[in-house]
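A.B. asks: when you get a sec, could you give me coordinates for this:
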Amino acid sequence: VDFAQATAWKKKVLKKAWETFQQQTSLVGQDRFFTKLTDDHHWLKKYSLFMALKQRFGQQGWLQWPEKIRRCQPKAIQEAERELQEEIRYFQFEQYLFFRQWRNVQGYAQKKGIRIIGDLPIYVGLDSADVWANQEIFTLSPETGEPTHVAGVPPDYFSETGQLWGNPLYRWESTKAVQGKLFSWWGQRLQATLSTVDLIRIDHFRGFESYWSVPAKEETALNGSWKTGPGISFFQQMEDQLGDLPIIAEDLGVITPAVEKLRDDLDFPA
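C.D. replies: Have a look, this model is predicted:
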């Protein structure tokens, strides 16, 4: 695939669709449309602002943005939302097109008696709306926003030096206030995923029992250490929020009896 050419073509077509939508929909109708859209997708406001800001700052990562915006200071965010309203709505419209098409896929699958499995990575990317808008729940330096420790796995049959993934880790061991926000974010993440698929395969499930923490300055995953994950209490809280969890546990890699016990106690298929 020539991704550069495909991206340029898609952007051109999407912009045309956006122009048509604006021409054919009254201002009142547009307001109602976007209000309902953001009500249905709680994450969409932060995501679309993030995308609009990336566009404004030449696609730089959020760590290179001006300090007030980088730190999500309320006044700076309000000003950006006001100045970038048009761009924000465009990125929301893109997502509307996707979800409209995805609903057609879901409906077709349901008619055929097919259930859809979605893959959910345990970690998220550093340069993402998730991390930028929720910095306190990740292992980031309060001064710079850079990760202090990152994700990976120790040496195994895939790699002699381990795998250095580089994703910021979650602050599982923190104050009750931070833990509350972290668990709330995870509940919203699972809920959003379950709105698009029937079952979730959690990638790197073993990280909920214990996870490999590597100092961010390291060039390989060799010099990391195991840290205790949130364990069964995490999934119990998620069930309290969401009900039964249709989860498949991915269990490749260094799997210990403790990981197997967590999986089996939760009655998750492997």
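A.B. asks: V1: how many residues sit nearby?
C.D. replies: V1 is flanked by 5 other residues according to other Cβ atoms under 10 Å. Bear in mind the C-beta positions are built from the backbone N, C-alpha and C, glycine included.
A.B. asks: residues in contact with V178?
C.D. replies: Taking Cβ atoms under 8 Å, 6 or more residues apart in numbering, we find V178 in contact with 136-137, 171.
A.B. asks: return the distance of the host helix or strand of it from the chain's centre.
C.D. replies: Assigned by DSSP states H and E, V178 belongs to helix 176-194. Relative to the chain's own centre, helix 176-194 is displaced by 11 Å; criterion: Cα atoms, centre = their mean, to the nearest Å.
A.B. asks: for the contacts of V178, which one is nearest Q110?
C.D. replies: Q110 has its nearest neighbour among the contacts of V178 in I137, at 34.5 Å by Cβ to Cβ.
A.B. asks: now that closest one: how far from I202?
C.D. replies: Using Cβ to Cβ, to the nearest Å, I137 is found at 18 Å from I202.
A.B. asks: in space, what's closest to L97 - neighbours in sequence excluded?
C.D. replies: A17 (6.8 Å; Cβ to Cβ, 6 or more residues apart in numbering).
A.B. asks: quick one: that neighbour from L242, how far?
C.D. replies: Using Cβ to Cβ, A17 is found at 34 Å from L242.
A.B. asks: swap in T7?
C.D. replies: Note on T7: its distance to L242, by Cβ to Cβ, is 35 Å.
A.B. asks: more crowded one of the two?
C.D. replies: More crowded of T7 and L242, by other Cβ under 10 Å: L242, with 13 against 10.
A.B. asks: coming back round to it: and the helix or strand just after the helix holding V178, what's its mean pLDDT?
C.D. replies: Sequence-wise, the next helix or strand downstream of helix 176-194 (DSSP H and E) is strand 199-203. Strand 199-203 carries an average pLDDT of 97.
A.B. asks: do stretch 145-156 as well
C.D. replies: Here stretch 145-156 scores 94 as its mean pLDDT.
A.B. asks: list the buried ones in that stretch?
C.D. replies: Neighbour counts using 16 or more other Cβ atoms under 10 Å place 145, 147-154 of stretch 145-156 among the buried residues.
A.B. asks: what of stretch 77-93?
C.D. replies: Quick answer for stretch 77-93 (16+ other Cβ under 10 Å): 77, 80, 84, 87-93.
A.B. asks: so which of those residues is the closest to K181?
C.D. replies: After measuring these against K181 - Cβ to Cβ - the closest member comes out as I77, at 17.1 Å.
A.B. asks: doesn't F50 make contact with the closest one?
C.D. replies: No: using Cβ atoms under 8 Å, I77 is not in contact with F50, being 10.7 Å away.
A.B. asks: does L262 touch P230 like I think?
C.D. replies: No: between L262 and P230 there is no contact under Cβ under 8 Å: 10.3 Å.
A.B. asks: C-alpha coordinates for stretch 170-188, PDB please?
C.D. replies: The C-alpha coordinates for stretch 170-188 follow below in PDB (Å, rounded to 0.1, in the frame of the first residue of the first chain):
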ATOM      1  CA  TYR A 170      -0.100   3.200  34.500                       C
ATOM      2  CA  ARG A 171       0.200   4.500  38.100                       C
ATOM      3  CA  TRP A 172      -1.400   1.500  39.700                       C
ATOM      4  CA  GLU A 173       0.300   2.200  43.000                       C
ATOM      5  CA  SER A 174      -0.700   5.800  43.700                       C
ATOM      6  CA  THR A 175      -3.100   7.900  45.800                       C
ATOM      7  CA  LYS A 176      -6.700   7.000  46.000                       C
ATOM      8  CA  ALA A 177      -7.600  10.000  43.900                       C
ATOM      9  CA  VAL A 178      -5.300   9.000  41.100                       C
ATOM     10  CA  GLN A 179      -6.300   5.400  41.300                       C
ATOM     11  CA  GLY A 180     -10.000   6.400  41.100                       C
ATOM     12  CA  LYS A 181      -9.300   8.400  37.900                       C
ATOM     13  CA  LEU A 182      -7.300   5.500  36.500                       C
ATOM     14  CA  PHE A 183     -10.000   3.000  37.100                       C
ATOM     15  CA  SER A 184     -12.600   5.400  35.800                       C
ATOM     16  CA  TRP A 185     -10.600   5.900  32.600                       C
ATOM     17  CA  TRP A 186     -10.200   2.100  32.100                       C
ATOM     18  CA  GLY A 187     -14.000   1.600  32.600                       C
ATOM     19  CA  GLN A 188     -14.700   4.200  29.900                       C
END
